[in-house]
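J.: With the sequence up front, the predicted model follows.
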Amino acid sequence: MEIKLPNYLKYILILLGVYLLIWLLQAFQSLLVPLAFSLLFALLLLPLNRKMERVKIPRPLAIIISIILIVVVLGLLIWFLSTQIMSLTSELQTIGNNITDLIEQVQLFMLDNFGIQPTNKTDLVRNAITSLQDIAGTFLGNTISMTTGLIAALTVVPIYVFCLLYYRDHLEKFLFMLITRDRRDNMVQTLHLIQRVAQSYISGLMIVIVVVSLLNSAGLFILGVKYALFFGVFASILTIIPYIGILIGSLLPALFTLATTGHLIDAVLVIGVFVFVQFLEGNFITPYVVGSKVSINPFAAIVALLLGGALWGAAGMILALPGIAILKVIFDSYEPLVPLGFLLADIDDVKPKKRGKVSKWFSSIWKGEAKGERNQ
């Protein structure tokens, strides 16, 4: 027997359901974040595993080989970044001296132009040391917590990935048993589309990171910036956090250049390099590599980014775009939620395309032939 509820009661239940969902996402963050990353890695490695299985490699061995490949790539990246950071610490003395000179120049400028007396250098240095100690303490605490979380993720995520890839047929049968027969075809199409969207996003993002890192490093090399390769790679990795990552990635080398050279124009040129590369990435590289499979409008992407950061921090910001792209596929596949999929879609994908004169001519000919066939 179907129970009809008033509209206001339906909306109240929907709001309560959304609130309960948010509470569950935050309460089980330690479980859901590694599981979400594992699902993305499993979708990325699925085509490679299928190719190895076609050449008679056992499934468990194929999964282990693919996981080892990912671990080696990530290990080499972490090793490169850590060695660059260790060598970067050797510049701290020079940076400190240059910062002192910059402070003196700014104080002289303020005195000559505005009559503001310079602050006592001893007090300024003392305040700076106190601030650095506070920042170092906070950074150390965050580093310890992130290290423990990273160690836990490195042990749990490969196990999750192995299980998801090994039991993928079992999980598919479970979904078949869960869905009625008349909806199974739609479910299969939705699953294939989700897999294709996730794979195209992750693989395309990796290609974009490589291309952007090369462009960033080349621009910094031309400007003569120290550790150009490190800053170029670091800024390109931060592009996995949309809109905000490139800002952080450009400010760090700009501040480093300002501290090492003492010239503001050099820092401005560094920011100019990243702005130019960001223009190329947003207008040419990403649309060409990733394509239109992850077609989310910028407003929805920014809201998803903020929600992901509020829920799961940096991990949520990384998972925001692929997550909302998968949600759009689900919305488009389920008729009552199609308006939500339309709301998330990019405006260029939903607006009707204008037909040229040639296409209109062919259309009129086709309609005329069809009309003639009906008359016959």
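T.: Received the coordinates, thanks. Numbers count the residues shown, from 1 in each chain.
J.: Would you confirm that Ala228 contacts Leu214?
T.: No. Counting by C-beta atoms under 8 Å, no contact exists between Ala228 and Leu214, whose distance comes to 11.2 Å. Backbone N, C-alpha and C define where each C-beta goes, glycine included.
J.: who's more crowded, these two?
T.: Neighbours of Ala228 and Leu214, each counted by other C-beta atoms under 10 Å, are more numerous for Ala228; the result is 20 against 15.
J.: separation between the closest residue to that one other than its chain neighbours and Gln278?
T.: On the basis of C-beta to C-beta, 6 or more residues apart in numbering, the spatially nearest residue to Ala228 that is not a chain neighbour turns out to be Leu220, at 3.5 Å. Leu220 is 14 Å from Gln278, where distance means C-beta to C-beta, to the nearest Å.
J.: try Arg50
T.: When distance is defined by C-beta to C-beta, Arg50 is 36 Å away from Gln278.
J.: of those two, who's got more company?
T.: Set side by side, Arg50 and Gln278 show unequal neighbour counts under other C-beta under 10 Å, the larger going to Gln278 at 21 against 13.
J.: who's in contact with the more buried one?
T.: 246, 250 (C-beta atoms under 8 Å, 6 or more residues apart in numbering).
J.: Where does it sit, in terms of helix or strand?
T.: Taking DSSP states H and E as the definition, one finds Gln278 inside helix 264-280.
J.: Extract the C-alpha set from that helix and format it as PDB.
T.: C-alpha atoms of helix 264-280 as PDB (Å, rounded to 0.1, in the frame of the first residue of the first chain):
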ATOM      1  CA  LEU A 264      60.300  42.000  -6.400                       C
ATOM      2  CA  ILE A 265      60.300  41.900 -10.200                       C
ATOM      3  CA  ASP A 266      61.800  38.300 -10.100                       C
ATOM      4  CA  ALA A 267      58.900  37.100  -7.900                       C
ATOM      5  CA  VAL A 268      56.400  38.800 -10.300                       C
ATOM      6  CA  LEU A 269      58.000  37.100 -13.300                       C
ATOM      7  CA  VAL A 270      57.700  33.700 -11.500                       C
ATOM      8  CA  ILE A 271      54.000  34.300 -10.800                       C
ATOM      9  CA  GLY A 272      53.700  35.300 -14.500                       C
ATOM     10  CA  VAL A 273      55.100  31.900 -15.600                       C
ATOM     11  CA  PHE A 274      52.500  30.100 -13.500                       C
ATOM     12  CA  VAL A 275      49.700  32.300 -14.700                       C
ATOM     13  CA  PHE A 276      50.600  31.600 -18.300                       C
ATOM     14  CA  VAL A 277      50.900  27.800 -17.700                       C
ATOM     15  CA  GLN A 278      47.600  27.900 -15.900                       C
ATOM     16  CA  PHE A 279      46.000  29.600 -18.900                       C
ATOM     17  CA  LEU A 280      47.400  26.900 -21.200                       C
END
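J.: avg pLDDT for that helix?
T.: Along helix 264-280, the predicted confidence averages to a pLDDT of 86.
J.: tell me which residues in it are buried?
T.: Within helix 264-280, the residues scored as buried using 16 or more other C-beta atoms under 10 Å are 266-267, 269-270, 273-274, 277-278.
J.: and which of these is nearest Ala36?
T.: Lowest distance from Ala36 to the buried residues of helix 264-280 (C-beta to C-beta) belongs to Gln278, with 27.0 Å.
J.: how much space between the closest one and Leu214?
T.: Shown here: Gln278 relative to Leu214, a distance of 14 Å by C-beta to C-beta.
J.: Also Leu205?
T.: In this structure, Leu205 lies at 15 Å from Leu214, with C-beta to C-beta as the measure.
J.: remind me which residues of this protein are low pLDDT?
T.: Within the chain, the segments meeting pLDDT under 70 span 1-3, 90-107, 109-112, 114-154, 241-244, 286-287, 289-295, 348-376.
J.: what about the residue lying closest to Ile318 once chain neighbours are set aside, neighbour count?
T.: In space, Ile318 comes closest to Ile240 once its chain neighbours are excluded; the distance is 5.2 Å by C-beta to C-beta, 6+ apart. Other residues within reach of Ile240, judged by other C-beta under 10 Å, total 19.
J.: Now for Ile240: which residues touch it?
T.: Going by C-beta under 8 Å, 6+ apart, Ile240 touches 205, 209, 318.
J.: Please point out which parts of stretch 301-315 sit buried.
T.: Residues of stretch 301-315 classed as buried: 301, 304-305, 307-309, 311-312, 315 (neighbour count, 16+ other C-beta under 10 Å).
J.: how far out from the middle of the chain is it?
T.: Here stretch 301-315 shows a centroid-to-chain-centroid distance of 10 Å under the convention C-alpha atoms, centre = their mean, to the nearest Å.
J.: and the gap between the most centrally placed residue in the chain and Leu215?
T.: Closest to where the C-alpha atoms of the chain average out (C-alpha atoms, centre = their mean) is Ile240, at 3.0 Å. Here the criterion is C-beta to C-beta. By it, Ile240 lies 17 Å from Leu215.
J.: How about Arg181?
T.: Spatial separation of Arg181 from Leu215 under the definition C-beta to C-beta is 52 Å.
J.: Helices along the stretch 101-250 of the chain, start to end?
T.: Assigned helices in the stretch 101-250 of the chain, in chain order: 121-166, 168-178, 184-223, 228-237, 245-261 (criterion: DSSP state H, counting those that start in this stretch).
J.: Apologies, that question was intended for the stretch 251-376 of the chain.
T.: 264-280, 286-289, 298-333, 338-344, 347-350, 357-375.
J.: quick one, which of those is nearest to Leu46?
T.: When the helices of the stretch 251-376 of the chain are compared for distance to Leu46 using C-beta to C-beta, the nearest one is helix 298-333, at 14.6 Å.
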